[in-house]
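In: Okay, here's the prediction I keep looking at, along with the sequence it came from:
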Amino acid sequence: MECEWKPDEQGLQQILQLLKESQSPDTSTQRSVQQKLEQLNQYPDFNNYLIFVLTKLKSEDEPTRSLSGLILKNNVKAHYQNFPNGVSDFIKNECLQNIGDSSPLIRATVGILITTIASKGELQNWPELLPKLCTLLDSEDYNTCEGAFGALQKICEDSAEILDSDILDRPLNIMIPKFLQFFKHNSPKIRSHAIACVNQFIISRTQALMLHIDSFIENLFALATDEEPEVRKNVCRALVMLLEVRMDRLLPHMHNIIEYMLQRTQDQDENVALEACEFWLTLAEQPVCKDVLCGHLSQLTPVLVNGMKYSEIDIILLKGDVEEDEAIPDNEQDIRPRFHRSRTVAQQHEGDGIEEEDDDEDDLDDDDDTISDWNLRKCSAAALDVLANVFRDDLLLHILPLLKELLFHPDWVIKESGILVLGAIAEGCMQGMIPYLPELVPHLVQCLSDKKALVRSITCWTLSRYAHWVVSQPPDTYLKPLMTELLKRILDSNKRVQEAACSAFATLEEEACTELVPYLAYILDTLVFAFSKYQHKNLLILYDAIGTLADSVGHHLNKPEYIQMLMPPLIQKWNQLKDEDKDLFPLLECLSSVATALQSGFLPYCEPVYQRCVNLVQKTLAQAMLHHTQPNQYEAPDKDFMIVALDLLSGLAEGLGGNIEQLVARSNILTLMYQCMQDKMPEVRQSSFALLGDLTKACFQHVKPCIADFMPILGTNLNPELISVCNNATWAIGEISIQMGAEMQPYIAMVLHQLVEIINRPNTPKTLLENTAITIGRLGYVCPQEVAPMLQQFIRPWCTSLRNIRDNEEKDSAFRGICTMISVNPGGVVQDFIFFCDAVASWVNPKDDLRDMFCKILHGFKNQVGDENWRRFSDQFPLPLKERLAAFYGFITFTVCVAVGAMVYPDRYVQVATHVFIG
């Protein structure tokens, strides 16, 4: 029988020797052990030796036995399907017999091994496992009960979905009531396991748990003041999840739960406090938040504020006593991997820059990302931030008295927490803070010179949260002093402060835009000097600050003296980096912005940059092909190199315009682009479509011969499930149509139906709607006979999509298209004519011939319905709108009834309009 397997003594000693050697700190010894272990994996019974050492060799020390189990776990993960039946049965049997080992370490290792086997699809093939573990819970022996519970907890974590399915005949119907019995067990460890097991099934609203929900909540309340921190932590975790899924059951007890969570957020055990603090974050997302929490704000606010102080351990981990560290090289492991974000083409709106729909990253990533990613300080700050957004200025009643004391406190730790509080409430309480900012902003600017680096760094972040207000004031009052001090901090002797200042300055650049033009020489001087000063990590953030500056000031950067300051250090870095270096990502992103801003000023640098980008695309595609044909010999390439190169080529095309023509003519970029447009990875297609649009604008003579190949690919990518890919494909089609003119006719059928479907689709993001509307308009401009018959199917969403974007060339061509289509098919606009009038009124300054087209259509309809009907509408208009329409189009139309009435009574106005034109 398999279970009577006995090891060969000599083989056993060899394996024990290997296990001892693997604990050596010497890397060459570890490498040699790794090779020997891989060789041993070729012997089927090697895994028998490993389980034998773990479960039977009790004379060995525990770390060696546990290590044997962990190596076995890795083998199970990698090769379990190749284990002979005898071996897998022996391992399973040994695991179940030794789940109650007297050593906690061995019990935990056996539990990990069991759950690893279970997660390999073995729950179905090991039918006795769950019944056996549930039976062992009733054992009188504590070790057996605790070991079985430990294994069950890991199985619940790893296999929650399959446990709640018909595949296993729904074992949770038995397991959950069983777990609930152990909430009152006399061992805190068992109580903690029991809650942790049940907690796995809250978010998924598992039916077996929902049937016992009242009993579960009752048991949680009974454990609320348990002496064991792990139990309290699991109780808090359960209540946080129940807020999301069973608020109905918590609501009757909400007052007591809030009081309890206030206590737990101040728990002596920071893990419990952190779990409890999550409660406020989750509660803030619930519609009842304001009602249930308003009476507790005076208690909660000081608790959250207190949680925002650095703990002593935080300060040690952050090296808070080290003020100057700029000369110390970075630890490469501390540099987070950077992911490039592919280029998305968007429209500009009145009074702002380009809108990015999906830029949802949490702004509350203040300054201490080198300690654990999530801690009580960060959670408290995030909770205060979301609550400020719920309660707005009502929160200030409770915050302002605390702030006065904190911001001027002699203890730097308390003062620093006050500055963090001020940053956390910036978004939600901005209106109420405005009266205090004239005094607070100069105080914060002073704090940028504080002797403590951690105070200087948090001040950078907090000031960036008020950048919008700073920029709205006279520049000499706040912007200039803030900019001057931030630039000094960019050259701080502390690396954390450099990083915070660079990030804050990038935010200020986005807000200030061309307000920074008078100070460009001073700004560039500082940023260029930082190149020689910065270590690796902050250099990557510096690229971002330079790229953002270029985006913000645009062509104002195109002056010989600025180019001479900025380009040499960028090109020096460019030449230093190898093609495989991921630091190319931020540098290429930065250069893309700089090339777009410098326009012709980038010409002296463009050829080597262009050629390298083409080479990066070519190398990545070649590597992908090798991997596809010989996956065992060649690794898959990192396609981010290709994406970022395509995006820089887009930036060059946009910046250089027709000057890029010679470079395109001498390269195979269109062939490469054709391959990229068909790549499996959406981000590659997204960037290739952006480049196609930019090359179409810059040098269509080279793109035109490929149109017959490109158009079918663009048509198949009009899939709104992949928003950014669809957006860029749509935009490229619009650019191509303007260049093709009437020759676009053969391709209309490939794209029009999808575009009409997208523009009518509910919940389509604004950027995609706008680009779709512009492209439909452009297609109608060049091929009105093909597009106009569908006018009635898209005219209403077309008009509402384009009423808010700025006057520009794209909007101009789209509106010419809609006017041309109306002249071909006037019946298509009748029912929604009011929306067309509203869209026309959105123009600030249309070109004369476009204004004539509008006039012709408006007068045509006026003449059709007669003066009396027009008057019925015009009597309702506010005077300024009457005047504007009279000035623009020479008579009072009812255009503006959408701007006023139709937003209030849309159905009534559409009905009246229809009646007028049809009747």
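Out: Right, received. Where do you want to start?
In: From now on I want contacts and neighbour counts done on CA atoms only, so please keep to that.
Out: Will do.
In: Give the helix, strand or coil label for P474.
Out: Recorded secondary structure, P474: coil (DSSP: H, G, I helix; E, B strand; the rest coil).
In: What's the local residue count around the closest residue in space to E635 that isn't next to it in sequence?
Out: With sequence-adjacent residues excluded and distances taken as Cα to Cα, 6 or more residues apart in numbering, E635 is closest to H627, at 5.7 Å. The local packing of H627 (other Cα atoms under 10 Å) involves 16 other residues.
In: what's around the spatially closest residue to E270 that is not a sequence neighbour, how many residues?
Out: For E270, ignoring the flanking residues on the chain, the nearest one in space by Cα to Cα, 6+ apart is L376 at 7.1 Å. Around L376 sit 25 other residues, with neighbours defined as other Cα under 10 Å.
In: Just checking the distance from stretch 7-27 to the centre of its chain.
Out: 46 Å (Cα atoms, centre = their mean, to the nearest Å).
In: what sits up against that stretch?
Out: 29-30, 33-34, 48-49, 52, 64, 67-68 (Cα atoms under 8 Å, 6 or more residues apart in numbering).
In: Just among the residues you listed, which is most surrounded?
Out: Counting neighbours by other Cα under 10 Å, S68 leads these with 24 neighbours.
In: which SSE is the residue nearest to E635 in?
Out: helix 603-629 (DSSP states H and E).
In: Return the distance of that helix from the chain's centre.
Out: For helix 603-629, the distance to the chain centre is 28 Å (Cα atoms, centre = their mean).
In: What helices and strands are in contact with that helix?
Out: Packing partners of helix 603-629 (3 or more Cα pairs under 8 Å, 6 or more residues apart in numbering; DSSP states H and E): helix 640-656, helix 669-676.
In: The first one packs against which elements?
Out: Applying 3+ Cα pairs under 8 Å, 6+ apart, one finds that helix 640-656 contacts helix 584-598, helix 603-629, helix 682-703.
In: now for those, which one comes closest to S503?
Out: Closest approach to S503 among these is made by helix 584-598 (14.0 Å; Cα to Cα).
In: quick one: low-confidence parts of the stretch 151-300 of the chain?
Out: Within the stretch 151-300 of the chain, the set of residues satisfying pLDDT under 70 is empty.
In: no wait, the chain
Out: Checking the chain against pLDDT under 70 turns up 1-3, 122, 332-343, 348-372, 870, 872-886, 890-919.
In: show me where it has strands.
Out: Along the chain, counting by DSSP state E, no stretch forms strands.
In: Show me which residues of stretch 307-318 are buried.
Out: For stretch 307-318, a neighbour-count test (16 or more other Cα atoms under 10 Å) marks 307-310, 314-315, 318 as buried.
In: Pick out whichever of the residues you listed sits closest to L648.
Out: Taking Cα to Cα as the measure, L648 lies nearest L318 of the buried residues of stretch 307-318, at 36.6 Å.
In: How much space separates that closest one from P789?
Out: L318 sits 67 Å away from P789, going by Cα to Cα, to the nearest Å.
In: For S650, which non-adjacent residue is closest in space?
Out: In space, and not counting its chain neighbours, S650 is closest to L691: 4.7 Å by Cα to Cα, 6+ apart.
In: number of nearby residues for the one you found?
Out: Using other Cα under 10 Å, L691 is surrounded by 26 other residues.
In: So which of the helices and strands packed on helix 603-629 has the densest surroundings on average?
Out: Of the helices and strands packed on helix 603-629, the one with the most neighbours on average (mean count of other Cα atoms under 10 Å) is helix 640-656, at a mean of 27.
In: Report the inter-axis angle for it versus helix 603-629.
Out: Interaxial angle of helix 640-656 relative to helix 603-629 (axes from the mean of the first three to the mean of the last three Cα atoms, to 10 degrees): 150 degrees.
In: ok, and what's touching helix 640-656?
Out: Contacts of helix 640-656 (Cα under 8 Å, 6+ apart): 339-340, 342-343, 582, 584-585, 588-589, 591-593, 595-600, 602-603, 606, 610, 613-614, 616-617, 620, 660, 683-684, 687-688, 690-691, 694-695, 698.
In: Indicate which one of the helices and strands packed on helix 640-656 is closest to V235.
Out: For the helices and strands packed on helix 640-656, proximity to V235 was assessed by Cα to Cα; helix 682-703 is nearest, at 42.2 Å.
In: Give me the packing partners of that closest one, helices and strands only.
Out: helix 640-656, helix 661-665, helix 669-676, helix 723-740.
In: Pull out the buried residues from the second one.
Out: What that stands for is helix 661-665. For helix 661-665, using 16+ other Cα under 10 Å, the buried residues are 661, 664.
In: export it as CSV, just CAs?
Out: Taking Å, rounded to 0.1, in the frame of the first residue of the first chain, the C-alpha atoms of helix 661-665 are listed here in CSV:
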residue,chain,number,x,y,z
GLU,A,661,7.1,64.0,-44.2
GLN,A,662,10.8,63.2,-45.2
LEU,A,663,11.2,61.0,-42.1
VAL,A,664,8.1,59.0,-42.9
ALA,A,665,9.1,58.7,-46.6
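In: Not counting it itself, show me its contacts.
Out: By Cα under 8 Å, 6+ apart, the surrounding residues in contact with helix 661-665 are 607, 610, 698-699, 702.
In: 10 Å - rerun?
Out: The set of residues external to helix 661-665 that reach it, using Cα atoms under 10 Å, 6 or more residues apart in numbering, is 606-607, 610-611, 614, 653, 669-670, 695, 698-703.
In: Can you tell me which of these comes closest to E259?
Out: A653 (60.7 Å).
In: Relative to S600, how far out is that closest one?
Out: 11 Å.
In: do G100 as well
Out: Using Cα to Cα, G100 is found at 75 Å from S600.
In: on that earlier part again, can you list the helices and strands packed on helix 603-629 in CSV and add distance to D832?
Out: What follows is the helices and strands packed on helix 603-629, written out as CSV (distance: least, Cα to Cα, whole Å):
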stretch, distance to D832
helix 640-656, 37
helix 669-676, 40
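In: Which one of the ones you listed lies nearest to D709?
Out: For the helices and strands packed on helix 603-629, the distance to D709 is smallest for helix 669-676, at 8.0 Å, taking Cα to Cα.
In: Tell me the helices and strands packed up against that closest one.
Out: Here helix 669-676 touches helix 603-629, helix 640-656, helix 682-703, helix 707-716, going by 3 or more Cα pairs under 10 Å, 6 or more residues apart in numbering; DSSP states H and E.
In: if we compare those, which one ends up closest to N199?
Out: Closest to N199 of the helices and strands packed on helix 669-676 is helix 682-703 (Cα to Cα; 36.5 Å).
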